[in-house]
Every structure is written in structure tokens, then in C-alpha cells.
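Enquirer: Quick one, structure for this:
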Amino acid sequence: MDASASERDDGRDESEKERLDRNLEQLLQELRVALPGVQVLFGFLLIVPFNQRFADITAFQSTVYFITLMLATAATVCLIAPTAHHRIEFREGDKRRIVFSATRLAVVGLALLAAAMTGAVILVTDFLYHRTTVVIVATLVALMFTGLWFAWPVKRLLDKR
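Expert: Down below sits the predicted model:
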């Protein structure tokens, strides 16, 4: 067993290159799950202004809409960027850098997607209900994203140390 394989606790007998290949494949597979969600949200946000009732929205709703559209755009950019990076750089032999930068982009993209989805919920809830309901629903949605997507896995990482 080589030094890099013996230093890991995952019990796999693989080289650093094999591990990076596996990590990249797993990351790209995970992005295949996240991308349809961000694409549907982005598509929804792009067609909303063409709805006849869009002209009747409040200044608050207009601001929430624009911020949510920008968040969805940024999430789309971050979640697709790893694929573009890999395609452009894959022959350079620096898969470690590709995997680590792609992981960072994916995490940022997921945070932006969570914020965009929360914004979309705020927009719809504000259109249908009063502000108190908007605050309660937005808080619950933001807490769900924060807890399930970020706090829980980070806590598990910290517990392992």
C-alpha cells in the first residue's frame, strides 16, 4: 500500500490519482442532481415578468424578484462552472486542483441556490399572504436549508475530529 492510501481512514486501497478520479466523478454526479433544480427555478424566474399580473407587484416584491433572479443566476454559474473547468483543464494533469476548486464552487452554488429558493418562496408568499406569514415561512425555509444542507454535515465533520 502506498503512503497516500495508508494515510486515509476510508479503508480504500486506491492511489491518489484513483481517489481524485472517484471524487471528481462523485462531484459531477452530485451536480447532475442539483442542476435541474436551479434550471427550473431560473426558467421560472425568467418567465415571471411576462405574466400579466407582474405589473401589479409591490416595490418589495420587485426587489425580492430581482435579488432572487440574480441569486439563481449566480447559483447556475457556480454549479455549471466545475464542468467547464474540467472540460478546459482536464488534460493539464492537475486534477487535484480541479477537484478542490470544483468542490468550493459547488458549495457556494448550493448556498446561492438555497438563497434563491428562499427568495422565490418569499416572493410567492408575499404575493399570497400578509407580511407576518412571509417572515414565518421565509425563516422556516431558510432554517431548513441551513440546517439540512450545511449545519448537519458540518456538525458531523466537526464531530469526527
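Enquirer: all helices for the chain, in order.
Expert: Ranges of helices in the chain, per DSSP state H, are 3-6, 16-47, 59-89, 95-128, 131-145, 152-160.
Enquirer: Out of the ones you listed, which one sits most buried?
Expert: Across the helices of the chain, the average number of neighbours (mean count of other C-beta atoms under 10 Å) peaks for helix 95-128, which reaches a mean of 19. All C-beta atoms are positioned from the backbone trio N, CA, C, and that covers glycine.
Enquirer: picking up where we left off before, quick one: which of the helices of the chain is nearest R53?
Expert: Closest approach to R53 among those (C-beta to C-beta): helix 95-128, 8.4 Å.
Enquirer: That closest one versus helix 131-145: what angle between them?
Expert: Per axes from the mean of the first three to the mean of the last three C-alpha atoms, to 10 degrees, the angle that helix 95-128 makes with helix 131-145 is 160 degrees.
Enquirer: hmm, back to that, and the helices of the chain, which one is worst for confidence?
Expert: Ranked by mean pLDDT, the helices of the chain bottom out at helix 3-6, with a mean of 41.
Enquirer: And I80, how close does it get to L45?
Expert: To L45, I80 is 16 Å away according to C-beta to C-beta, to the nearest Å.
Enquirer: what would the helices of the chain look like in a markdown table with distance to R53?
Expert: Putting those into a markdown table (distance: least, C-beta to C-beta, whole Å) gives the following:
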| stretch | distance to R53 |
| --- | --- |
| helix 3-6 | 59 |
| helix 16-47 | 13 |
| helix 59-89 | 11 |
| helix 95-128 | 8 |
| helix 131-145 | 18 |
| helix 152-160 | 38 |
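Enquirer: Now do the contacts for T146.
Expert: Contact partners of T146, counting by C-beta atoms under 8 Å, 6 or more residues apart in numbering, are A114.
Enquirer: and it, what pLDDT?
Expert: Reading off the model, T146 has pLDDT 96.
Enquirer: what's the answer for the one 4 residues further on, then?
Expert: For F150, the model assigns a pLDDT of 93.
Enquirer: if I pick it, what's in contact with it?
Expert: A111.
Enquirer: go again using 7 Å as the cut-off
Expert: Contact analysis of F150 by C-beta atoms under 7 Å, 6 or more residues apart in numbering lists nothing.
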